[in-house]
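# show me the folded form of this:
(one chain, ligands or ions: 1)
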Amino acid sequence: MTGSVPEPVLEVASLVKRFGTFTAVDDVSFTLTPGASLGIVGESGSGKTTTARVLAGLEEPTSGTVILAGETATGRSRRDRLRRARLLQMIFQDPYGSFDPRQTIAESIAEPLRLHAPGPRKRHRARVAELLDQVGLSRRAGQSPPRDLSGGQRQRAAIARALAVRPRVLVLDEAVAALDVSIQAQILTLLEELRAGTGIAYVLVSHDLGVVRHITDEVLVMRHGRVVERGATEHVLRAPRHPYTRLLLDSIPSPDWDLDRVARDRRALDLADGQATPVPVPAPKGETTC
Ligand SMILES: Nc1ncnc2c1ncn2[C@@H]1O[C@H](COP(=O)(O)OP(=O)(O)OP(=O)(O)O)[C@@H](O)[C@H]1O
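This is a model prediction of the structure:
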């Protein structure tokens, strides 16, 4: 390895996840270097979330490897899970359920510190104050229960809690999908600042190509569990090579939106991989089909 090429922080090779006989993730591979940002896009059911959940250890892979900071990261022991959580954190679309309603936001943010970095309360309090500041939350917000925060504030709090133990990778699963567009922009800007300031790497799962364009350098396009296209985000979104990527782009509402064409292209794609039955050609008038 040459000195100029950074060691990958995350290496995923030939990842497969099956649920019974159904293959949700089919031979997915990628690497992530420190400070990189990788988008995973695709329609609902394409396997994005399952991939993310395997990375975070919430699902066990059927086969394949996940190497995090040089070590295999699919073990189930307590030690393995703690190590993984220290290195990789995940943020979900609506973090509300992951906060204990009886705790203040500051107490929730301090929780991973107690688990991963035992030390005096004073040091934890100082770190929590630093984190609140880093994500743009006031001390007052820190003293509130989660129900008193807006969606955007809660997502900031979830980011603060995820950053508490200084992980190397943040997996964001539709993390801004539930927010208003203006709040989305604020959170995306915050994520960009944090990445620049800390060198953390992102895996960003999203069905929103605008979000992916804004915040990722590279992108994987998934369909039926497989990666159908990959490359520099700007390039893939400007000059897509795979018909499915083109379809995703054509599906974004725009003033010259051609819904008929989108429907035709989807049908052609589905027919090409056996997901649809041919539309019967209507019989000319006067003829019967039986
Ligand atoms: N625990 C499970 N048991 C059975 N099937 C599952 C399970 N989790 C996911 N799947 C299936 O795997 C496929 C991929 O799901 P996944 O959630 O990864 O897709 P996605 O691209 O993230 O879609 P969405 O954006 O809707 O979450 C879907 O067909 C889903 O029904």
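# make it CA atoms for all contacts and neighbour counts henceforth
Noted.
# work out which residue lies at the spatial centre of the chain.
Central residue check for the chain by C-alpha atoms, centre = their mean: the C-alpha nearest the mean position is that of Val205, 2.6 Å away.
# please verify my assumption that it contacts Glu174.
Yes: proximity of Val205 to Glu174 meets the contact threshold set by C-alpha atoms under 8 Å, at 5.7 Å.
# the residue nearest to the centre of the chain and the ligand, how far apart?
Distance, Val205 to the ligand, using C-alpha to the nearest ligand atom, to the nearest Å: 8 Å.
# who's in contact with stretch 99-111?
124-125, 128, 141-147, 157-158, 160-161, 164 (C-alpha atoms under 8 Å, 6 or more residues apart in numbering).
# what average pLDDT does that stretch get?
Mean pLDDT, stretch 99-111: 95.
# CA atoms of that stretch as PDB?
Provided in PDB are the C-alpha atoms of stretch 99-111 (Å, rounded to 0.1, in the frame of the first residue of the first chain):
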ATOM      1  CA  PHE A  99     -34.700   8.000  22.900                       C
ATOM      2  CA  ASP A 100     -35.900   7.000  26.300                       C
ATOM      3  CA  PRO A 101     -38.900   9.300  26.900                       C
ATOM      4  CA  ARG A 102     -38.000   9.600  30.600                       C
ATOM      5  CA  GLN A 103     -34.500  10.900  30.000                       C
ATOM      6  CA  THR A 104     -33.500  14.400  29.000                       C
ATOM      7  CA  ILE A 105     -31.700  14.700  25.600                       C
ATOM      8  CA  ALA A 106     -28.400  15.300  27.500                       C
ATOM      9  CA  GLU A 107     -28.900  12.100  29.500                       C
ATOM     10  CA  SER A 108     -29.500  10.200  26.300                       C
ATOM     11  CA  ILE A 109     -26.400  11.600  24.700                       C
ATOM     12  CA  ALA A 110     -24.300  10.700  27.800                       C
ATOM     13  CA  GLU A 111     -25.500   7.100  27.600                       C
END
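# which residue is the nearest non-sequential neighbour of the closest residue to the ligand within the stretch 51-200 of the chain?
For the stretch 51-200 of the chain and the ligand, the shortest gap (C-alpha to the nearest ligand atom) falls at Thr51, measuring 6.4 Å. Among residues not flanking Thr51 along the chain, Val25 sits closest, at 6.6 Å (C-alpha to C-alpha, 6 or more residues apart in numbering).
# before I go, just wanted to say thanks for your time.
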